[in-house]
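J.: fold the stuff below for me.
(2 chains, ligands or ions: 2)
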Amino acid sequence: MTTSDMTADGTADEGPESRRLDGNAAAGPLRELFSVDIIAAACTCAHCGGTTALAEHVLYADAPALVLRCPSCTGVVLRYASAGGQARLDLTGARLLVLDLAHDGRPG
Amino acid sequence: MTTPTVTTAGPARRGGRLLWTPARVRSVQAETARATRLVLEVPGWAGHVPGQHLDVRLTAPDGYRAKRSYSVASGPEQPHVELIVERLPDGEVSPYLTQQLRVGDELEVRGPVGGWFVWHASLGGPLQLIAGGSGVVPFLSMLQHREAAGSDVPARLLYSARALPDVIGADRVAATDAGVTLVLTRQAPATWQGPTGRVDARLLHEHVVPPDARPQVFVCGPTGFVEAVADALLELGHPPERVKTERFGTGGGAT
Ligand SMILES: Cc1cc2nc3c(=O)[nH]c(=O)nc-3n(C[C@H](O)[C@H](O)[C@H](O)COP(=O)(O)OP(=O)(O)OC[C@H]3O[C@@H](n4cnc5c(N)ncnc54)[C@H](O)[C@@H]3O)c2cc1C
Ligand SMILES: [Zn+2]
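T.: Ligands and ions are numbered 1, 2, ... in the order given. Below you'll find the predicted structure:
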């Protein structure tokens, strides 16, 4: 975000960019499906080949589905929605997920 | 040292997945004019790592549902789960949580979640926390834990608030032996000696543990604040892998 996106008092304009979150905030919805926290998993982007933790992706949670975008190329990496007792997961943009099972994202 | 063990099955878990579970409101207290502290009793709470959040779900009589995330304000050593919610006047969920909710009410929660934006004494330091507005909430949990664990990890908190009465967690901020810099963005008393105005690269350069000390940096608050601070930190030479961010969305508004 550049300063031109900011109003004088430092608040952001009300575009979807001003409400984007970190991938870490998708941890709850994804635990509806997965028995471990996959948010710390290293994800290789199918668009640009870059590898970043899912937690460090950019999350758009306003849409009917939650959308995780690659922090390098902004390509859609993961889409997830659940409604009416059905979960829908689209991982087309994720070439590889590498998950540390020993820690499950937790220290100690 | 009390390391929260969290992998065992509790009532909220079935097949390892995390389900919505009812929580009871034990107390509702004004934290500031715009923020409310909620103490919750969550049966089967698996214990959290400082920095984790939970999701809250509200269901209207007509079946309409809204969910939002809230960081855990309490430390893992404390007996109950505490949240601090800031009221956004035109928001959907925060006015309900701050003004309508009463002791004894039930809320649906799902958590703790978010194993990324966490700090635990075993992870070491130095620790640099940077908060805008309600973004201080997960740091209150980290500071509480650091003290309860008797950790000697050097820690600093840079906290940007609108004015002194808007400071969330004032007791803990005053009591901690971590170095605290409070920045007031809107209004400061005539006698105020500390920094004022926007948190920019110059202020970060002066008040944040420098990159050569290799701090673990956490930045939390409204999306605009977090992105501006994270960009400035990278400019100052902090490597991206040592800067973790938690954007709250517009939640928290101006800082
Ligand atoms: C991981 C995480 C942890 C969090 N922890 C905390 C915490 O500890 N304490 C805390 O107070 N908050 C926290 N938040 C923020 C919290 O989740 C809510 O976003 C906040 O309480 C506002 O919710 P609301 O329903 O009241 O407002 P909303 O109804 O979501 O509205 C928020 C703002 O966005 C605007 N808006 C909403 N939708 C649109 C749209 N479609 N177009 C244009 N403008 C729109 C509204 O006008 C309003 O100004 C956290 C967020 C995350 C992701
Ligand atoms: Zn990419």
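
J.: name the element the closest residue to chain A within the stretch 151-255 of chain B belongs to?
T.: Per C-beta to the nearest C-beta, residue B:224 is where the stretch 151-255 of chain B lies closest to chain A, at 3.5 Å. No exception for glycine: its C-beta is placed from N, CA and C like everyone else's. Under the criterion of DSSP states H and E, residue B:224 resides in helix B:223-235.

J.: what is that helix packed up against?
T.: strand B:127-132, helix B:201-207, strand B:216-221, strand B:243-247 (3 or more C-beta pairs under 8 Å, 6 or more residues apart in numbering or on different chains; DSSP states H and E).

J.: burial check on residue B:178, number of neighbours?
T.: 20 (other C-beta atoms under 10 Å in any protein chain shown).

J.: list the residues that contact the residue lying closest to it once chain neighbours are set aside.
T.: Closest residue to residue B:178 apart from its sequence neighbours, by C-beta to C-beta, 6 or more residues apart in numbering or on different chains: residue B:155 at 3.8 Å. Shown in contact with residue B:155 (C-beta atoms under 8 Å, 6 or more residues apart in numbering or on different chains): B:125-129, B:142-143, B:146, B:176, B:178-179.

J.: against ligand 1, how distant is residue B:155?
T.: Distance check for residue B:155 against ligand 1: by C-beta to the nearest ligand atom, to the nearest Å, it reads 19 Å.

J.: give me the secondary structure label for the closest residue to residue B:87 other than its chain neighbours.
T.: Leaving out its chain neighbours, the residue that sits closest to residue B:87 by C-beta to C-beta, 6+ apart is residue B:98, at 4.2 Å. Taken by DSSP: H, G, I helix; E, B strand; the rest coil, the conformation at residue B:98 corresponds to helix.

J.: neighbours of residue B:98, how many?
T.: Neighbour tally, residue B:98, other C-beta under 10 Å: 22.

J.: still on that earlier bit, export the helices and strands packed on helix B:223-235 to a markdown table and tack on distance to residue B:111, mean neighbour count and mean pLDDT?
T.: Converted to a markdown table, the helices and strands packed on helix B:223-235 look like this (distance: least, C-beta to C-beta, whole Å; neighbours: other C-beta atoms under 10 Å in any protein chain shown; pLDDT from 0 to 100):
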| stretch | distance to residue B:111 | mean neighbour count | mean pLDDT |
| --- | --- | --- | --- |
| strand B:127-132 | 20 | 28 | 98 |
| helix B:201-207 | 31 | 15 | 97 |
| strand B:216-221 | 17 | 25 | 98 |
| strand B:243-247 | 14 | 24 | 98 |
